[in-house]
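K.L.:
sequence and predicted structure, then a few things I'm wondering about:
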Amino acid sequence: MVELGNFSPEERAAQEERLRKVWKTPGGWRYWTSVNNSEIGLWYGVTAFAFMLFAGALALLMRAQLATPNNDLVSAELYNQAFTLHGTVMMFLFAVPIFEAVAIFLLPSMLGARELPFPRLSAFGFWSFLLGGIFVCGSIFFNAAPNAGWFMYPPLATDKEYAGIGADIWLLGLSFIEVASIAAAVEIIVGIMKCRAPGMRINMMPMFAWYLLIVAGMILFAFPPLIAGDILFEMERMFDWPFFDVTRGGDPLLWQHLFWIFGHPEVYIIFLPAIALMAMIVPTFSQRPIVGYSWIVLAAVGTGFLSFGLWVHHMFTTGLPQISLAFFSAASEAVAIPTGVQIFVFIATMLAGRVIFSLPMLFGAGGLAIFIIGGLTGVMVALAPFDWQAHDTYFIVAHLHYVLIGGMFFPIVAGIYYYFPFVTGKKLSDAWGKVAFWLMFVGFNVAFFPMHFSGLRGMPRRVFTYPEHFGWDLFNLLSTIGAFIFAAGVLTFVIDIFRPKPEPETRNLNPWNAGTLEWTNDPSEDWGMRSVPIITSRYPLWEQENLQADIEAGRYYLPDAKSGKRETLVTSVLDAEPIQCLRVGGVSYVPMISALALGGVFIALTYHWWIPTILCAVITFIAILWWLWTGTAQIPETEEVDVGLGKTLPVYVSGPASVGWWAMFITMVGDGTAFASLIFGYFFYWTVHDDFTAGATGPGAFWPMVALVLFVTAWLLTIAARALNEKGPAGCRIALGAGILVTIAACLAGLAGPYVHGMDPTSNVYPATVWVIALWTVVHGAVGIVMQAYSLARSFAGRMTAEYDQDIRNVTLYWHFMAFTAVVTFAVLGLFPMVSA
């Protein structure tokens, strides 16, 4: 039993004053340099919600156009831009970012942490998201928005005459936004795995943390295939490399595979965090712990796993083999099992408790009712014969919206009503909320239920008008009326959020009597947890006596900030044993500058402004180097610090104990997924053609094998540098210098094969695919050179020593992935250019 700290009122006041000074959010212009995750999460959420309202306005414009037959309210081109941006914004700029916002905002308090490990990375992600979103959304005001659908199918989207600059805005703008999503995923995974309160073992985490951990892992495997597809797509549009041009060996179906390998898991990336909110709300208003904790965790893992085996059900009409249809049809139906388990867990929890009826429960129950209808129609379209009839009709539009709005939007609104007191200390109005709910619920069903019938009567998706006497008129008029009723409900909800509210008579940090840790947090303070508690149960506010009072009195870990640094605890992955006192980054302009400069790279590339592209790339490179040099792996003034309760912890750790090592590992897993997608493309083309090479000369075996050997040698030299660093700097520096030279030679050899053999990437898909995979590996080799040179510079500057070796350990981890990438690349390119039998 740990003896808790005990401080006098004067000591507590002094502690709190030091904490306020360290964690204070700056005022004026410097407010925008804040990196507190609470601030960043709030910005993220408000921005995502604003994008949602913009997409909703586009939806109303579309519904007004479709209200009557032969309507000419908007032109076909504006309608195409509107429906493309509507889907794009809802899926990429609202549905995923809103949950990343909630996670970044809530997780520190929910996990009992002072802060997540990479607040500057979160700030970088926010600025990337904001700039990318404005760039994509703003295009419609210049008649330059994408117009080929949010899925951007070639050959329509690769037709420069039809798609214009809009397709490039979609591709490069969303690639930039995907950077923000992956940055948030890294922050969330490392934060959940390494920054839980002491005692919060992995089987005691809040349900929300479990769901967000699963979702962040899914992002690492779902988003990279789309990034790989974006690269192929933009190489065709920018340089005429024929990845999707059938006249030169390309195949548009590859884009569909890469897009839906991302697209269908994204439905569950959206749905699972909504269920996570319900997993927090239902136990609170049932006033008991959730029933079947282990079952719902396993069901969430199963849903995430199965979601990656469903993408082909979006492609049932493309002429796939019968065995593929049967497998993916079965998998599409099987995912209903873990989804049903989660819903039945909520029902069991309510039956076992005493339900308190409230606005969060009202919105949650309404959303689940809508989602169940969407799930039933999902089972219908999972059957290939039915899908052949319903595909690309308004039946699919109805199904999609029943799943997404019921499974995501209603729970989000429930979560806002639930956590609004956590953010502001005030509740939203019950009266306004009930009006908003019934307008939304009735309006949604009036809008989307008739679409099932218009779809079954043959109305195709993505048409801007339709003739009379097809039996679609009444259904479309009802849908339009319902859409405006739904919009009135959303407007009521928004007004309720922003209207003035009276100050509560008494301060109550936990107005719902919830059992989870976040409700100990004081929203008026910037420091997160007043002190980092020891957790012994899943619902500590219900089961640990006096916990909230002890936290506020500073009786646990990190009650003070005597060092003048922002500090949080790092704990072990499984058992949450304290292992480090981590010093996190503070106020800085660098994340904003890095994000804006990187955004400049993507925007300049869109318009083929090569000199601004290079200038922005140089600024990005310098900013990120400065960020790393001044903000990471700093040698502390003391090896250990007192974190309270008689415990001292190291300030600096390296290897798997450090959060930086985990961040590198997670990032490279995502990077490896993108690389695997490119290799998938190579063998996809090989299998769909009788002669993949089309008679073209390959890169040969000599140069690829030389590159392979050189890259492996560079990897071994990096490993040697890590080992030699433990004995002194001299050997490490020699190995790093040799590694740089060998890597340069490896990169040149990697490009020599296709260059020497005169492979023209514009002539056929085979040389184009060889070039893009070789370039991917060489670019990663160039990044490896920068990392080796960075470690060498840190060694000469005295910032990397035998004891403080985080830099070389993280660089070696990168090179493990680099070596694997090089071996696969050059083995495939050098040994598999032969003609298929």
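P.N.:
Yes, it's here.

K.L.:
which residue sits farthest out from the middle of this structure?
P.N.:
residue 469 (45.4 Å; C-alpha atoms, centre = their mean).

K.L.:
using the three-state scheme, assign that residue.
P.N.:
Here residue 469 takes the coil state, with states given by DSSP: H, G, I helix; E, B strand; the rest coil.

K.L.:
what residues are up against the closest residue to residue 587 other than its chain neighbours?
P.N.:
Leaving out its chain neighbours, the residue that sits closest to residue 587 by C-beta to C-beta, 6 or more residues apart in numbering is residue 33, at 5.0 Å. Where you see a C-beta, it was placed from the backbone N, CA and C, and this is true even at glycine. Residue 33 sits next to 26, 587-589, 592 when contact means C-beta atoms under 8 Å, 6 or more residues apart in numbering.

K.L.:
count of residues packed around residue 786?
P.N.:
For residue 786, the neighbour count with other C-beta atoms under 10 Å is 15.

K.L.:
mind giving me the domain split of the chain?
P.N.:
Listed domain ranges for the chain are 1-201+516-585+637-653, 359-511, 667-836 (source: automatic domain parsing).

K.L.:
who wins for proximity to residue 225 among these?
P.N.:
Among the domains of the chain, domain 667-836 comes nearest to residue 225, with 4.2 Å by C-beta to C-beta.

K.L.:
pull the distance from the closest one to the chain's centre.
P.N.:
27 Å (C-alpha atoms, centre = their mean, to the nearest Å).

K.L.:
circling back to that earlier point, and the gap between the residue nearest to residue 587 and residue 565?
P.N.:
As for residue 33, its distance to residue 565 is 17 Å (criterion: C-beta to C-beta, to the nearest Å).

K.L.:
and if you look at residue 242?
P.N.:
Counting by C-beta to C-beta - residue 242 and residue 565 are separated by 55 Å.

K.L.:
again with residue 335
P.N.:
46 Å.

K.L.:
neighbour count winner among these two?
P.N.:
Per other C-beta under 10 Å, whichever of residue 335 and residue 565 has more neighbours is residue 335, with 24 against 16.

K.L.:
for the more buried one, give me its contacts.
P.N.:
303, 306-307, 310.

K.L.:
returning to that earlier point: pLDDT check: weakest of the contacts of residue 33?
P.N.:
Confidence by pLDDT is poorest for residue 26 among the contacts of residue 33, given 78.

K.L.:
now residue 487: closest residue in space, sequence neighbours ignored.
P.N.:
residue 60 (5.8 Å).

K.L.:
averaged pLDDT, the helix or strand hosting the one you found. What do you get?
P.N.:
Using DSSP states H and E, the element containing residue 60 is helix 37-65. The pLDDT scores in helix 37-65 average 94.

K.L.:
and it, what other elements does it pack with?
P.N.:
Packing partners of helix 37-65 (3 or more C-beta pairs under 8 Å, 6 or more residues apart in numbering; DSSP states H and E): helix 76-88, helix 96-111, helix 119-138, helix 473-498.

K.L.:
now find how far off-centre that helix is within its chain.
P.N.:
Relative to its chain's centre, helix 37-65 lies at 17 Å (C-alpha atoms, centre = their mean).

K.L.:
so it versus helix 76-88, what angle?
P.N.:
Interaxial angle of helix 37-65 relative to helix 76-88 (axes from the mean of the first three to the mean of the last three C-alpha atoms, to 10 degrees): 150 degrees.

K.L.:
and helix 37-65, what's buried?
P.N.:
Neighbour-count burial for helix 37-65 flags 37-45, 47-49, 51-52, 54-56, 58-63, 65 (criterion: 16 or more other C-beta atoms under 10 Å).
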